[in-house]
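S.K.: Kindly return the folded structure for what I paste below:
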Amino acid sequence: MDLNQPAGENYANPKTCFFHVLFKAAALAFYILSALFFNNFVIIFVVTVFLAALDFWVVKNVSGRILVGLRWWNEINDLGESVWKFESLDQESLSRMNKKDSWLFWWTLYLTAAAWIILGIFSLIRFQADYLLVVGVCLTLSLANIVGFTKCRKDAKKQIQAFAQQTIVSHVSSTIQSAFSVV
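M.R.: Below is the predicted model of the structure:
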């Protein structure tokens, strides 16, 4: 094993990556394989939704912060309106995030939602409304993280652009001031 490999060639946070994938895979695998072992819809519903909820929590509160440096939440303000809140690391820290970790985070987020959509289509074709309910709950949890992190990433990009503009304006302003103070 070469210890001098560039950071981009390995996962910087392998344990976080493992748990980021674990609950997604567990929920999907249990849902798909449960029909072979159980004939009880309630068990299938409860365990699958529980695993999807664990995945939602891990992604939202742990792997999102560690793997891509983003955090989101939703609050209800005094007027009863839903308000999205976003946090991200500063530009320098975001630029140092491991590309492999980030790639795993985003691709598994989208692929999991795609898998739930495909399973939902199968439930529709087989006229299994009860299993469509399971898929709907799991897909909703998956989509909530996609929407939250996508909005958070866009907000982070806006903050970086605003910071860059402010820095440029400040630099130009100080250059102009120093040019006129010499005269």
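
S.K.: Return the distance of the residue nearest to the spatial centre of the chain relative to Arg65.
M.R.: Residue closest to the average C-alpha location in the chain (C-alpha atoms, centre = their mean): Phe149, at 4.8 Å. Here Phe149 is placed at a distance of 11 Å from Arg65 (C-beta to C-beta, to the nearest Å). Every C-beta, even on glycine, is put in place using the N, C-alpha and C of the backbone.

S.K.: per-residue pLDDT, the nearest residue to Ile117 once chain neighbours are set aside?
M.R.: Spatial nearest neighbour of Ile117, chain neighbours left out: Leu139 (6.5 Å); criterion: C-beta to C-beta, 6 or more residues apart in numbering. Leu139 carries a pLDDT value of 94.

S.K.: how far away is Leu139 from Phe38?
M.R.: 21 Å.

S.K.: For these two, indicate the residue with more neighbours.
M.R.: Leu139 (20 against 13; other C-beta atoms under 10 Å).

S.K.: Can you give me the distance of the more buried one to Trp72?
M.R.: Relative to Trp72, Leu139 is positioned 19 Å away (C-beta to C-beta).

S.K.: Ala115 too?
M.R.: 23 Å.

S.K.: Can you name the next helix or strand after the helix or strand of the chain with the lowest mean pLDDT?
M.R.: Lowest by mean pLDDT, DSSP states H and E among the helices and strands of the chain is helix 91-95, with a mean of 67. Per DSSP states H and E, helix 91-95 leads on to helix 99-125 as the next helix or strand towards the C-terminus.
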